[in-house]
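# Predicted model, plus sequence, below.
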Amino acid sequence: MEKFVIHGGRPLRGEVSISGAKNAVVAILPATILADDVCRIENIPNISDVTYMVRILKQIGARVRVINKHTLEIDTTTVNSFTVPDELTKHMRASYYLIGALPGGCDLGIRPMDQHIKGFEFLGADVSIENAMVNAHAEKLIGSSVYMDVVSVGATVNIMLAAVKARGLTVIENAAKEPHIVDLANFLNSMGADVRGAGTDVIKIHGVEKLHGCTYSIIPDQIEAGTYMVAAGATKGDV
């Protein structure tokens, strides 16, 4: 489609269902790996990032079952690889969340991720960049205090994913506060994690030995909801 033609001047009326938040689902889908169990994720938006993330999960051994167009059941008990192929990761920036979620290590195409690397190293991981690939490896992660030099949603998510099963307490200062950070924390806690303070600039995570599967519904997308709200207000409508 090359253009939209809009004839305005009409109040918008009716009902609309808001899709699941894109920025939440791209963090929650890789987080299912941490459970080594079966998770049912509902209110999944129909976007290409979800398609690629599902392909990545299948590539590393997970079993993914489509319940309906907005619900997936993900069994990560069969994950057998810690290396994610570049031909899949290059299609989506959020593929770097697999570094925090995968145990052992992960190879991913290079991206500007200095705050991510800083967090992983504070938790005890060895991180190297070789042949335009990021490799992170740790036998065991240890909780630590991590101060973010700049507020970064991606780095906050990745450190949260890495810290939930690290030994001891991790404190993330100057953390991102977006709604999808809160949604990820709620999902992790639904699996048995101990994450507190999400939505503030200090997040505290007490590491646990094991996480379990759960059923979880992605929050509605605030940008999509806001768009309809503005459209209704601008046209003096009722949506």
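Here it is on my side, so go on. Residues are numbered from 1 along each chain as shown.
# what about stretch 159-167, how long is it end to end?
In stretch 159-167, first residue to last residue: 13 Å (CA to CA, to the nearest Å).
# Following element in sequence after the least confident helix or strand in the chain by mean pLDDT, please.
Across the helices and strands of the chain, mean confidence by mean pLDDT, DSSP states H and E is lowest for strand 105-109: a mean of 50. Next helix or strand after strand 105-109 toward the C-terminus (DSSP states H and E): helix 114-122.
# who touches the next helix or strand after that following helix?
Next along the chain after helix 114-122, taking DSSP H and E as the criterion, comes strand 126-130. Contacts to strand 126-130, defined as CB atoms under 8 Å, 6 or more residues apart in numbering, come from residues I110, I117, F120, E121, V134, N135, A136, H137, A138. For every residue, glycine as well, the C-beta is placed using N, CA and C.
# now do stretch 159-169
Defining contact as CB under 8 Å, 6+ apart, one finds that stretch 159-169 is touched by 27, 30-31, 34, 97, 99-101, 103, 116, 119-120, 123-125, 140-143, 146, 170, 172, 181, 184-185, 188, 193-195, 198, 203-211.
# rewinding a little: of all the contacts of strand 126-130, which two lie farthest apart?
Maximum pairwise distance among those (CB to CB): 19.6 Å, between I110 and A138.
# Looking at these two, which is more packed in?
Using other CB atoms under 10 Å, the more surrounded residue of I110 and A138 is A138, with 18 against 12.
# F122 versus the more buried one, what's the distance?
A138 is 11 Å from F122, where distance means CB to CB, to the nearest Å.
# which element is V54 on?
If you go by DSSP H and E, V54 is part of helix 48-59.
# tell me which residues in that helix are buried?
Buried residues in helix 48-59, counting neighbours by 16 or more other CB atoms under 10 Å, are found at D49, V50, Y52, M53, V54, I56, L57.
# who does that helix touch, helix- and strand-wise?
With contacts defined as 3 or more CB pairs under 8 Å, 6 or more residues apart in numbering; DSSP states H and E, helix 48-59 has these neighbours: helix 22-31, strand 63-68, helix 86-89.
# need these in CSV with mean neighbour count, can you?
Shown next, in CSV, are the helices and strands packed on helix 48-59 (neighbours: other CB atoms under 10 Å):
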stretch, mean neighbour count
helix 22-31, 25
strand 63-68, 12
helix 86-89, 16
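# Name the residues of the helix or strand harbouring A136 that are buried.
If you go by DSSP H and E, A136 is part of strand 133-137. Using 16+ other CB under 10 Å as the test for burial, strand 133-137 gives V134, N135, A136.
# If we go by neighbour counts, what in the helix or strand that it is followed by is buried?
Using DSSP H and E, the helix or strand that follows strand 133-137 in sequence is strand 145-147. For strand 145-147, burial by neighbour count (16+ other CB under 10 Å) applies to V146.
# Tell me the strands beside strand 145-147, with direction?
If you go by DSSP bridges, strand 145-147 pairs up with strand 169-173 (parallel).
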